[in-house]
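J.: One predicted model, sequence on top.
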Amino acid sequence: MEELLRYIPVALSQLDWRSVVDILVVSCAIYFVLTLIKGTTAVTVVRGIAMLMLVGSSLAWVFNLTVLTWLLRNSIPALIIAIPVLFQPELRRALEQLGRAGAWLPHANGVATSESGRVADVIAVAARRLSERRWGALIILEGETGLGEYVETGVEIDGMLSVELLLNIFFPNSPLHDGAVIVRGDRIVAASCVLPLSEAQSRVGHLGTRHRAAIGITGATDAVSVVVSEETGRISLANKGVLQPNLDEGKLRKVLGILHRPSSSDPLPAWIRGRTPAKV
């Protein structure tokens, strides 16, 4: 530690204006990349890689572990090759944003959030009415882990969450009734979204596509899913990859009030999105 403290003044004395500009450019580039992946599942992957490298480097430096140091040093090229594979959706979105005209113009961010209690009330009432009609439905409540990559697979709506809007979306003759509705805060951001299906056969059993998708998305993220069965009208809730079946309006409202904590931020700032979504 003393050697590190002695090295800091020496390093600062060697800084010139080029070094300062170099640091600023690299910092802006890192900030831009982190902004792009904010609100997606890629954040968890980056956090895991950073923790692995930090812990490994600390152990190698403290205990002078030669083999571990060699492994960490030679793993960097492999990580560089793996980055395009791990972050393919985020890189694709970044290139699309760079190619759009006006992508760098500032726009107002109109996304708002509200108390989770109102969201739970609306979802519970809508689930009961959908259950009475036996209209199949899949509603995903976004948590701290953003679902930006899944929003892009559906149709953008960005409408205020309401019972009537959910009933209109999941009406059997509606073009949006297939797929999932994603709720962020107190707004429906997209409908007819495609989600990953759970591959754990022991857990899904004979369940249909909606239930498998609800289990799959909650197993991969911290989202909460509400499912209404088209065949039986039963209401189920999925959390952390576990399905809780046979809920009524009261139980669903209570469970949602406990489990769901909506995120207060938009995954992408408006100046990166390049446009302001239409409000409903």
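T.: On my side now, so go ahead. Numbers count the residues shown, from 1 in each chain.
J.: Isn't Ile123 up against Gly257?
T.: No. Ile123 lies out of contact with Gly257 (C-beta atoms under 8 Å); the separation is 10.3 Å. Where C-beta positions appear, they are placed from N, C-alpha and C, glycine not excepted.
J.: With neighbour numbers in mind, choose between these two.
T.: More neighbours surround Ile123 than the other of Ile123 and Gly257, with 26 against 16 (other C-beta atoms under 10 Å).
J.: Only the buried residues of the host helix or strand of that one, if you could.
T.: In the assignment (DSSP states H and E), Ile123 maps to helix 116-133. Residues of helix 116-133 classed as buried: 116, 119-131, 133 (neighbour count, 16 or more other C-beta atoms under 10 Å).
J.: And the pLDDT at the nearest residue to Glu142 once chain neighbours are set aside?
T.: Excluding its sequence neighbours, the residue lying closest to Glu142 (C-beta to C-beta, 6 or more residues apart in numbering) is Arg184, at 4.7 Å. Arg184 carries a pLDDT value of 91.
J.: Backbone torsions only: list them for Arg184.
T.: Dihedral pair for Arg184: phi -120, psi 120, per degrees, to the nearest 10.
J.: Next secondary structure element downstream of the helix holding Ile123?
T.: For helix 116-133, the succeeding helix or strand toward the C-terminus, using DSSP H and E, is strand 137-141.
J.: which helices and strands sit right next to that following strand?
T.: Strand 137-141 is packed against helix 116-133, strand 180-184, helix 209-220, strand 224-228, with contacts defined by 3 or more C-beta pairs under 8 Å, 6 or more residues apart in numbering; DSSP states H and E.
J.: chain center to the last one, what's the gap?
T.: Right, the one you point to is strand 224-228. For strand 224-228, the separation from the chain centroid amounts to 17 Å (computed by C-alpha atoms, centre = their mean, to the nearest Å).
J.: Can you name the residues in contact with it?
T.: For strand 224-228, the external contacting residues (C-beta atoms under 8 Å, 6 or more residues apart in numbering) are 123, 127, 130-131, 135-141, 143, 170, 180, 210-211, 213-215, 217-218, 234-239, 243, 252, 256, 259-260.
J.: Filter those residues down to just the buried residues.
T.: For the contacts of strand 224-228, a burial check counting by 16+ other C-beta under 10 Å picks out 123, 127, 130-131, 135-141, 143, 170, 180, 210-211, 213-215, 217-218, 235-239, 243, 252, 256, 259-260.
J.: any weak-confidence spans in the protein?
T.: Residues of the chain meeting the criterion pLDDT under 70: 1-7, 11, 36, 39-41, 89-115, 199-205, 262-280.
J.: Quick one: the strands in it, in order.
T.: Ranges of strands within the chain are 137-141, 155-160, 180-184, 187-193, 224-228, 235-239, 242-247, based on DSSP state E.
J.: Using JSON lines, lay out these together with distance to Arg47.
T.: Rendered in JSON lines, the data for the strands of the chain read as follows (distance: least, C-beta to C-beta, whole Å):
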{"stretch": "strand 137-141", "distance to Arg47": "22"}
{"stretch": "strand 155-160", "distance to Arg47": "28"}
{"stretch": "strand 180-184", "distance to Arg47": "21"}
{"stretch": "strand 187-193", "distance to Arg47": "24"}
{"stretch": "strand 224-228", "distance to Arg47": "21"}
{"stretch": "strand 235-239", "distance to Arg47": "21"}
{"stretch": "strand 242-247", "distance to Arg47": "23"}
